[in-house]
Each structure stands twice: as structure tokens, then as C-alpha cells.
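> sequence plus the predicted model coming up.
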Amino acid sequence: MVCTKRQFMNMPNIEELNPGTTKSDQPIDPKRTGAHVFLLDLVLYLSVMFLIRQVYFSGVGFIANGLFWSATTLAVATWRMNASGVSWKDLGLSRPSSYKSLALVTCLILVCIPVSIVGFEIVKDLLPFQLPADTSEEAAVSKFGNLKGNWLLFLTIMPFVLVQSMLEELLDRGFLITWIERAFSSTSLATVFAVVMQAAIFGFRHSNDLSTRSITVGLIGLVMGIAYVAFGRNLWPLVVAHCILNGMSMAGRVV
């Protein structure tokens, strides 16, 4: 477990992040929309998510392509949400009433993520199989350009990186968790399954194989998913934490 139950329970008045929403609240009434509808939506959404990544416009660079992929899946998600009468506000894109709670949850996420990654690094060598090494740093130059000492390039691409960070939280946490939950709502562990599955999809999408990078990114998705479900289902702490993480990662390539 990345963050203990005691840590979750000791957080003060976290439900204020999304007024009127508690851990057990669902934005969708499963009696009005059958589970099979959400399952079909998921099949469509995931098919588009992975197929659209086969389209790559070499003349515009990785960031533009990444935003194109996310915008396409965002359009599909929004379309299916509208069909079920659900808005992004229902999924947590609403103004939190307590900025103190938002800051506390954001800080907790930023603590739990490196702790979980360090824990994985400790046990990685004990696994009965060898994982391919993380080569994301080497690939970063081809994706973003040579950022070493280039603050102008950093400032130019960071707005797009932050937009992409926000879109990933909307889609991977807000949409995927809710839709997987509803598709498997007949099971008692639907929420646990939804959180784990979205983390696995999140990790795999960033490397397309089982590797050190896919597990590391999957752990980030797992922490984000737990935070989303445990703390009132408000997306803003996740968005802020994701932007901070990506900002630090990009800045580390400059200095």
C-alpha cells in the first residue's frame, strides 16, 4: 500500500474538496444506465486511445502529437459522458471549497509517489524475472529536444506539458476510474479493480511493454487513483501534483 489507511483517516475534512461528494458517492446511477453500456464505452475508448497513437505527424514533433492523441480521446470520453448525462464537473473538475485540503492532498500525493517508487526499486532485484531498464531519459531528447541549459525551449514547451498533465488526470483518473467502476458495478471490489486497472493502463501506455518505466509510471497512476477515490473525487489536487511532477522532471533536464 502506497499510503496507509491511518494516513487517509487522519486527513482533516478532506471531503470538502468536492462539496456534496463522499467516498461512496457515484456521479452515475447504474439503474438508469446498464453496466453493459459502460463496458461498450470502455472498449470504444480504449480502442481509440491505443489506435490513435499509431498516427504520428513527423513534421510537428512529439508534444503536438501527444496533445492530438489526448484531444482525440478527450472527445471520445466527452461524447460518451454526454450520452450518459455526465459532465466533467460530476467527475471532479469542480472548484474545491477548501484550498487548505487541496494543498494537503497535493502534498500527500507528492510524498507517496517517490516513496512508492523507492519501494519498487528496493524489491525490483528480488523479482524472479528481469525487467528492461528505463530508457526514458535517453528518449527525452528526441521527444522534447536538447533541453540542457536551454531555458527558452523549456519555457516554450512547458505550457503544453502542463495541458497534457491536466488531460491525463481527466482521462485516466476521472473518466477511466468511473467508467470501469460502473462497468463492473456488480462486483464488491469494483472500485479497487478500477483503480488498479487505470494504473496498469496508464503505465503500459507510457512504454507499451512490461518494463521498469511502465511499472514506475503505473505506481504514479496508482497513487493518483487512490487519492482520487479516497479524498472526495476532486481532480484538482491530482492535476496540481501532476503538473508539479512534470515541471520538476522537465526542469531537471535543463540544469
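That came through fine.
> could you look up the SS state of residue 127?
Secondary structure assignment for residue 127 (DSSP: H, G, I helix; E, B strand; the rest coil): coil.
> now the helix or strand harbouring residue 247: buried residues?
Assigned by DSSP states H and E, residue 247 belongs to helix 236-252. Residues of helix 236-252 classed as buried: 236-246, 250 (neighbour count, 16 or more other C-beta atoms under 10 Å). Every residue, glycine included, has its C-beta placed from N, CA and C.
> next one: stretch 196-208
In terms of neighbour count (16+ other C-beta under 10 Å), stretch 196-208 has its buried residues at 196-207.
> stretch 91-107 now?
So, applying 16+ other C-beta under 10 Å, buried residues of stretch 91-107: 91-94, 96-98, 101-102, 104-106.
> what's the answer for stretch 168-186, then?
Across stretch 168-186, burial judged by 16+ other C-beta under 10 Å covers 168-185.
> give me the average confidence score over stretch 136-143.
For stretch 136-143, mean pLDDT is 76.
> how far off centre is that stretch?
Between the mean C-alpha point of stretch 136-143 and the mean C-alpha point of its chain there is a distance of 21 Å (C-alpha atoms, centre = their mean, to the nearest Å).
> ok, stretch 184-191 next?
On the basis of C-alpha atoms, centre = their mean, stretch 184-191 is displaced by 20 Å from the centre of the chain it belongs to.
> now the strands for the stretch 1-150 of the chain?
Assigned by DSSP state E, counting those that start in this stretch, the strands in the stretch 1-150 of the chain number zero.
> where does it have low pLDDT?
Across the stretch 1-150 of the chain, the ranges flagged by pLDDT under 70 are 1-33.
> show me what the helix holding residue 247 is in contact with.
Applying C-beta atoms under 8 Å, 6 or more residues apart in numbering, the contact partners of helix 236-252 are 17, 92-93, 95-96, 102, 105-106, 109-110, 113, 144, 147, 154, 157-158, 161-162, 164-166, 168-169, 173, 220, 224, 227-228, 231.
> cool, and stretch 69-86?
The set of residues that contact stretch 69-86 without belonging to it, under C-beta under 8 Å, 6+ apart, is 27-28, 33, 37-38, 41, 44-45, 48-49, 52-53, 55, 87-88, 91, 164, 167-168, 170-171, 175, 178-179.
> ok, of these, which come out buried?
Buried residues within those, counting neighbours by 16+ other C-beta under 10 Å: 27-28, 33, 37-38, 41, 45, 48-49, 52-53, 88, 91, 164, 167-168, 170-171, 175, 178-179.
> hmm, back to that, which ones among the contacts of stretch 69-86 lie within helices?
When DSSP state H is applied, the contacts of stretch 69-86 are split such that 37-38, 41, 44-45, 48-49, 164, 167-168, 178-179 fall in helices.
> which of the buried residues of stretch 196-208 fall in helices?
Among those, the ones falling in helices (DSSP H) are 196-205.
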